[in-house]
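Participant: my questions are about this predicted structure, shown below with the sequence.
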2 protein chains.
Amino acid sequence: MDVEALRTFVTVVETGQFQAAADELGISQQAVSKRIAALERHTGVTLLIRTPRGSRPSVDGQVFLPHAKRVLAAIGQAEQAVRPGSRPLRVDVLNRRIAPAQAVYRFYRSRPGTALDAVTLGRENAAQAAQAVLEGTVDASFRALPAGRVPAGISAERLLDAPLELLVGPGHPLADAPWVRPAHLADHRIWVPGIRPGTEWAAFYQALSEAFGLSIDALGPHFGDEALMDALADSTSLATLVGGGDRYLWPRTHDLRRIPLHDPTPVYPHMLLFRSGDRHPVLTALRDHLRTAGARTPQDMWAPDWLDR
Amino acid sequence: MDVEALRTFVTVVETGQFQAAADELGISQQAVSKRIAALERHTGVTLLIRTPRGSRPSVDGQVFLPHAKRVLAAIGQAEQAVRPGSRPLRVDVLNRRIAPAQAVYRFYRSRPGTALDAVTLGRENAAQAAQAVLEGTVDASFRALPAGRVPAGISAERLLDAPLELLVGPGHPLADAPWVRPAHLADHRIWVPGIRPGTEWAAFYQALSEAFGLSIDALGPHFGDEALMDALADSTSLATLVGGGDRYLWPRTHDLRRIPLHDPTPVYPHMLLFRSGDRHPVLTALRDHLRTAGARTPQDMWAPDWLDR
DNA sequence: ACCGGACACAACCCATGGTGGTGTACCTAG
DNA sequence: CTAGGTACACCACCATGGGTTGTGTCCGGT
């Protein structure tokens, strides 16, 4: 299926004749004829009805036409999406399964057609993400960065506080608790696999441990969410912490329980990093949206104090 | 922009390396390399990050990937749409501006993703449309056909009664009437241009004229809706008849008035022709939908009596 | 230091898609 | 009825491009 053939077909339908389409496309009439013939050979149906004074789409051609246009439009959008300069706003959401990704997605859903792309920069730390924002690889990035470490030229706005929740299997002693105090978890084993040293996550869990005297086992490789859920479901002592926003993770299949944390409520403070003075309208709209819709910050909120450092 | 290059890019991302993609696509690793290089040259950005043990998408590649998939999906749908055999249900709606087209569109909107295409067969008469249904060019066709003239192998179901309305300019004597009796129109000049002799429309207006003693001028060429609306807006005596369903036609720009007809209410009886015994699920669903949602038949309805002949 | 895996480069080759020239069908004008 | 014009298809020819094989470079692991 040749794209140029599709474009030619659409042009012929629009102009009504092969010669006019040829002029428009800057090729010869014979080339148009060949392209259409190839397209008809490929699809196996007659797309155009040739008459002594032009051509019009057949029934199959009528059906095919909107599909052809959709393909061409999709190709145009694909090219647009990576064109340096006037391209859609590109937001690094850190990880597709956590609150920022879903907040961005909700924002996108609430405004159909918004030129917005969500990407994950990978496993770099916050400083590298800030560098990527400065370089223009992405336009904004959800990260947690101490105020003192925000590089020059970057603005950081705290826009999304994701309350932490405990995730346990059905046999865990806290499985039926309505909520839990963070300090109460000092007696339990918390396992948060896959945290890499030097990342903002490591710093966050470090601060959380120190604040409430917890022992969080953040070492060891992460074998995937499935393995983690399997382990939780089978264990009567293992627990992990997840962001309260990531609803669609942890499906029901394992009968896992989410226990909210309160008194105080630890939140992971997602900050949006962007180039200072960036006036991209979608960025402005996203920030406005999150400022109003995103922040359900509880009264008894706790966040690491290194945020202000 | 080469489609095969897009397919190759998607395959490389999915498999994680060039060689695996090459195996999957049945080409050499070098060909994959060339295709990706051409795609990157064309887009002007690096799409894949090559590492000593595979490749992963760059940020641009992440953004590009869903667009590439969308293009491929659109191409698949385009091919599917005209593939003989398992193709979407194809309904001839006679004309895109009248009630059947909108009823089909509402049906389509109410079930996203339904495999359904609306086409216009052209200016053939009902008998030719029935022939097209028999031959399988389309699966169903909205036409008005006397019961006695339905060919063997075709079923006809009356599913949509479109009440007629009078359309007049602001200076017409009936411009402010809440409603009008058909018989009352005997004193007025009715102009319905573009009706071709031998079509079901001609037969309908013929029957309407005879039933109520009207003089309907259905001759003369149709210079387009704009010309008709201009003429109506300027005239104090000209009136035309339109289907009550075609809401989006006749925009406000001309200050035209739609006057319902009652006592009795003439309706244009749209019938759906389809191959007898056709069990296509979308066809069944469409018929069910129209049977319940489509028929707001008024009590004082009038329709041509040749329907039963 | 060596080996192996992953991708790029080079040379070559053929299929594809372009062009100009020409043929056929049909409508229209005289 | 014929002549001319228009619209598309067929043909021969040619250049480009995408494919293949062979080889090179880079890197990580042993």
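Facilitator: Everything's here; your move.
Participant: spell out which residues of chain A are next to DNA strand D.
Facilitator: Listed as neighbours of DNA strand D in chain A under the rule C-beta under 7 Å from any atom of the strand: A:17-19, A:29-30, A:33, A:36-37, A:50, A:52-55. The way it works is simple: take the backbone N, C-alpha and C, and place the C-beta from them, glycine included.
Participant: the residues you listed: which two are farthest apart?
Facilitator: For those, the farthest-apart pair by C-beta to C-beta is A:A37 and A:R53; their separation is 19.8 Å.
Participant: between those two, who's got more neighbours?
Facilitator: A:A37 (13 against 7; other C-beta atoms under 10 Å in any protein chain shown).
Participant: please, which helix or strand holds the more buried one?
Facilitator: helix A:29-43 (DSSP states H and E).
Participant: just the buried residues of that helix, please?
Facilitator: For helix A:29-43, burial by neighbour count (16 or more other C-beta atoms under 10 Å in any protein chain shown) applies to A:31-33, A:35-36, A:39-40, A:43.
Participant: one more: stretch A:151-166?
Facilitator: Buried, per 16+ other C-beta under 10 Å, within stretch A:151-166: A:154-156, A:158-166.
Participant: nearest to DNA strand C among those?
Facilitator: A:I154 (32.1 Å; C-beta to the nearest atom of the strand).
Participant: quick revisit: adjacent strands (with direction) for the helix or strand following the helix holding A:A37?
Facilitator: Heading C-terminal from helix A:29-43, the first helix or strand you meet, by DSSP H and E, is strand A:48-51. Here strand A:48-51 is paired, per DSSP bridges, with strand A:54-57 (antiparallel).
Participant: the strand it pairs with and DNA strand C in contact?
Facilitator: No: under the criterion of C-beta under 7 Å from any atom of the strand, strand A:54-57 makes no contact with DNA strand C; the nearest approach is 10.6 Å.
Participant: ok, and what's touching that strand?
Facilitator: Residues outside strand A:54-57 that contact it (C-beta atoms under 8 Å, 6 or more residues apart in numbering or on different chains): A:12-13, A:16-18, A:47-49, A:64-65.
Participant: on that earlier part again, CSV for the buried residues of stretch A:151-166, including secondary structure and pLDDT?
Facilitator: Converted to CSV, the buried residues of stretch A:151-166 look like this (DSSP: H, G, I helix; E, B strand; the rest coil; pLDDT from 0 to 100):
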residue, secondary structure, pLDDT
A:I154, strand, 90
A:S155, strand, 89
A:A156, strand, 89
A:R158, strand, 87
A:L159, strand, 87
A:L160, strand, 84
A:D161, strand, 84
A:A162, strand, 82
A:P163, strand, 85
A:L164, strand, 86
A:E165, strand, 85
A:L166, strand, 86
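Participant: thinking again about what came up before, can I get the buried residues of helix A:29-43 in a markdown table with distance to chain B and pLDDT?
Facilitator: Shown next, in a markdown table, are the buried residues of helix A:29-43 (distance: C-beta to the nearest C-beta, whole Å; pLDDT from 0 to 100):
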| residue | distance to chain B | pLDDT |
| --- | --- | --- |
| A:A31 | 18 | 90 |
| A:V32 | 19 | 90 |
| A:S33 | 20 | 91 |
| A:R35 | 14 | 92 |
| A:I36 | 14 | 91 |
| A:L39 | 10 | 90 |
| A:E40 | 10 | 91 |
| A:T43 | 5 | 89 |
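Participant: show me which of the residues you listed is closest to DNA strand C.
Facilitator: A:A31 (3.3 Å).
Participant: what packs against the host helix or strand of A:V242?
Facilitator: Taking DSSP H and E as the definition, A:V242 sits inside strand A:238-243. Where contact means 3 or more C-beta pairs under 8 Å, 6 or more residues apart in numbering or on different chains; DSSP states H and E, strand A:238-243 is packed against strand A:154-168, strand A:189-191, helix A:225-234.
Participant: just checking, what's the longest helix in chain A?
Facilitator: helix A:59-82 (DSSP state H).
Participant: what sits opposite the residue nearest to A:Q17 when sequence neighbours are not counted in the beta ladder?
Facilitator: Nearest non-adjacent residue to A:Q17, counting by C-beta to C-beta, 6 or more residues apart in numbering or on different chains: A:G54, 4.1 Å away. On the basis of DSSP bridges, A:G54 is bridged to A:T51.
Participant: what about A:G54, distance to DNA strand C?
Facilitator: From A:G54 across to DNA strand C, the span is 11 Å (C-beta to the nearest atom of the strand, to the nearest Å).
Participant: only alpha carbons, please: show stretch A:14-26 as PDB.
Facilitator: Only the C-alpha atoms of stretch A:14-26 are listed here, as PDB (Å, rounded to 0.1, in the frame of the first residue of the first chain):
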ATOM      1  CA  GLU A  14     -11.100  16.000  -5.500                       C
ATOM      2  CA  THR A  15     -10.300  17.300  -8.900                       C
ATOM      3  CA  GLY A  16     -12.500  14.800 -10.800                       C
ATOM      4  CA  GLN A  17      -9.900  13.900 -13.400                       C
ATOM      5  CA  PHE A  18      -6.600  12.300 -13.800                       C
ATOM      6  CA  GLN A  19      -4.900  15.100 -15.700                       C
ATOM      7  CA  ALA A  20      -5.900  17.800 -13.100                       C
ATOM      8  CA  ALA A  21      -4.600  15.500 -10.300                       C
ATOM      9  CA  ALA A  22      -1.400  15.000 -12.300                       C
ATOM     10  CA  ASP A  23      -0.900  18.800 -12.600                       C
ATOM     11  CA  GLU A  24      -1.600  19.200  -8.900                       C
ATOM     12  CA  LEU A  25       0.900  16.500  -7.900                       C
ATOM     13  CA  GLY A  26       3.500  17.600 -10.500                       C
END
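Participant: list the contacts of it.
Facilitator: Residues contacting stretch A:14-26 (C-beta under 8 Å, 6+ apart): A:7-8, A:11-12, A:28-29, A:31-33, A:36, A:53-56.
Participant: swap the cut-off to 7 Å and go again
Facilitator: With contacts defined as C-beta atoms under 7 Å, 6 or more residues apart in numbering or on different chains, stretch A:14-26 is touched by A:8, A:11-12, A:28-29, A:31-33, A:54-56.
Participant: those residues: which two are farthest apart?
Facilitator: Going by C-beta to C-beta, the pair spanning the contacts of stretch A:14-26 furthest: A:S28 and A:R56, at 21.6 Å.
Participant: and the stretch 101-250 of chain A, which residues reach chain B?
Facilitator: Counting by C-beta under 7 Å from any C-beta of the partner chain, the positions of the stretch 101-250 of chain A adjacent to chain B are A:117, A:119-121, A:137-138.
Participant: quick one: buried ones out of those?
Facilitator: A:117, A:119, A:121, A:137-138.
Participant: how about A:F64, what does it touch?
Facilitator: A:47, B:78, B:81-82.
Participant: try 10 Å this time
Facilitator: Shown in contact with A:F64 (C-beta atoms under 10 Å, 6 or more residues apart in numbering or on different chains): A:6, A:9-10, A:13, A:39-40, A:43, A:45, A:47-48, A:57-58, B:78-79, B:81-82, B:117.
Participant: what of A:A140?
Facilitator: So A:A140 contacts A:89-93, A:104, A:129, A:133, A:155, A:157, A:272-275, A:278, A:280, A:282-283, A:286-287 (C-beta under 10 Å, 6+ apart).
Participant: how close does it sit to A:L272?
Facilitator: Distance of A:A140 to A:L272, given as C-beta to C-beta, to the nearest Å: 6 Å.
Participant: which residues are in contact with each of these two?
Facilitator: A:91-92, A:104, A:133, A:155, A:157, A:283, A:286-287.
Participant: tell me which element A:P260 is part of?
Facilitator: Applying DSSP H and E, one finds A:P260 within strand A:257-260.
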